[in-house]
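In: what's the 3D shape of this:
(one chain, ligands or ions: 1)
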Amino acid sequence: MSIIQRLLVPRGLKVLVTGGAAGIGATIAEGFLEAGAHVYVCDIDAQALDGFRQRHPDALGAVADVGREEAAAHAVGEAAQAMDGLDVLVNNAGIAGPTGGIDALAAPDWERTIDTNLNSQFYFLRHAVPHLRRSGRNPHVVAMSSVAGRLGYPFRTPYAATKWAIVGLMKSLAAELGPEGVRVNAVLPGVVAGPRMDRVIAARAQALGLDDTAMREQYLGKISLRRMVSAEDIAAMVLFLSTAAAANITGQAISVDGNVEYL
Ligand code: NAD
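Out: Okay, here's the model as predicted:
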């Protein structure tokens, strides 16, 4: 196989994307569909999922709260049955969680962030790994972490705690599953342009008593390339990890962030 051929996403991959109806997850799902994959997306937002499936009638999907194990078990079972197996799990779903000082955070908000961002990763892995073991098509997991999974993030402690934990989970699992040929990597997006980042900047501006424009300038000043990344940049990395060119990449926390220097 030539180097260029190695860089192509093989056709017909069976892919499950959590939180795949909107944002980065939808861009990843769309990338896989364009590459001729079978794609199953699950999302808590029924309206967004309907919209996604109307735009992509070939995609499969169901409403699921990833923070509940029964929902994860059901989604994985249905996906593997409908696609006759599973080659790629993209554990993408995540929420920003609350913004505020540690003593101002409410325990239910902390717990919801842990459930959605971290426990969900465990639930989907627990049910998907048996299918990945049987794949035989360069199977792998992408665990969506964040630049907040390699840097401290004041006033976003629940979020940062989940995103660092995802890196530990990934590193351990890559060693555990490597001998069986299953790869596990984390992708760490930086500041991704889009509605979610608009909300994050607005919440942080409010927490710090700044206006939105000043807050946005502060964000760009922390990035070596002085620009945000796009959802397409993240999706391209996830698709690359599905190619033969990435067959020996596992156990890595891969940043796609223009080099965020601090948060
Ligand atoms: P988003 O809010 O635009 O989209 C997230 C999707 O997940 C939505 O469709 C939402 O409905 C779904 N979702 C939320 N809670 C869910 C639940 N309990 N069950 C099922 N689905 C649920 O967010 P995004 O920016 O696309 O973020 C995707 C991932 O990337 C997250 O894990 C996030 O932490 C990570 N990330 C994002 C950025 C960024 O700047 N946008 C930066 C670093 C990391």
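
In: S172 and V184: what is the separation?
Out: Note on S172: its distance to V184, by Cβ to Cβ, to the nearest Å, is 9 Å. All C-beta atoms are positioned from the backbone trio N, CA, C, and that covers glycine.

In: Who has more neighbours out of these two?
Out: Looking at S172 and V184 with other Cβ atoms under 10 Å, you find the greater number of neighbours at V184, namely 27 against 12.

In: show me the contacts for A62.
Out: A62 makes contact with 40, 42, 49, 74-75, 78 under the criterion Cβ atoms under 8 Å, 6 or more residues apart in numbering.

In: From those residues, pick the one nearest the ligand.
Out: Sorting the contacts of A62 by how near they are to the ligand, with Cβ to the nearest ligand atom, puts C42 at the top with 6.2 Å.

In: Assumed the closest one was part of a helix.
Out: No: counting by DSSP: H, G, I helix; E, B strand; the rest coil, C42 is not found in a helix; it is strand.

In: count of neighbours near it?
Out: With neighbours defined by other Cβ under 10 Å, the count for C42 comes to 28.

In: and the residue nearest the centre of the chain, what is it in contact with?
Out: Centroid check for the chain by Cα atoms, centre = their mean gives N92 as the closest residue, at 2.5 Å. In this structure, N92 makes contact with 17-20, 24-25, 28, 142, 144, judged by Cβ under 8 Å, 6+ apart.

In: Helices - which of those residues land there?
Out: Assigned to helices by DSSP state H, the following of the contacts of N92 qualify: 24-25, 28.

In: Out of these, which are close to the ligand?
Out: Contacts with the ligand within the ones in helices among the contacts of N92, counted by Cβ under 6 Å from any ligand atom: 24-25.

In: What's the per-residue pLDDT of the residue in the stretch 51-200 of the chain that the ligand sits nearest to here?
Out: The minimum distance from the stretch 51-200 of the chain to the ligand, using Cβ to the nearest ligand atom, falls at G94 (2.3 Å). According to the model's per-residue confidence, G94 sits at a pLDDT of 98.

In: Of all pairs in the contacts of A62, which one is the farthest apart?
Out: Of all pairs drawn from those, the widest gap by Cβ to Cβ lies between L49 and H74 and measures 14.6 Å.

In: neighbour count winner among those two?
Out: Counted by other Cβ under 10 Å, L49 and H74 do not tie: L49 has more neighbours, with 22 against 15.

In: in this protein, which spans are helices?
Out: The residue ranges that make up the helices of the chain, judged by DSSP H, are 3-6, 23-34, 46-55, 69-83, 107-114, 120-133, 157-177, 195-208, 212-221, 231-240.

In: How about the contacts made by H140?
Out: Contacts of H140 were listed using Cβ under 8 Å, 6+ apart, and they are 87-89, 132, 182-185, 241-242, 246, 250.

In: which among those residues gets closest to R68?
Out: L89 (17.2 Å).

In: wait, what's in contact with that closest one?
Out: So L89 contacts 15-16, 124-125, 128, 132, 140-142 (Cβ under 8 Å, 6+ apart).

In: and what of N185?
Out: Contacts of N185 by Cβ under 8 Å, 6+ apart are 140-143, 170, 174, 241, 249-254.

In: how far away is it from L7?
Out: For N185 relative to L7 (Cβ to Cβ), the value is 17 Å.

In: Give me the number of neighbouring residues for A107.
Out: For A107, the number of neighbouring residues by other Cβ under 10 Å comes to 7.

In: Would you mind measuring from the closest residue to G251 other than its chain neighbours to G149?
Out: Leaving aside its chain neighbours, G251 sits nearest to A174 (3.4 Å; criterion: Cβ to Cβ, 6 or more residues apart in numbering). Shown here: A174 relative to G149, a distance of 15 Å by Cβ to Cβ.
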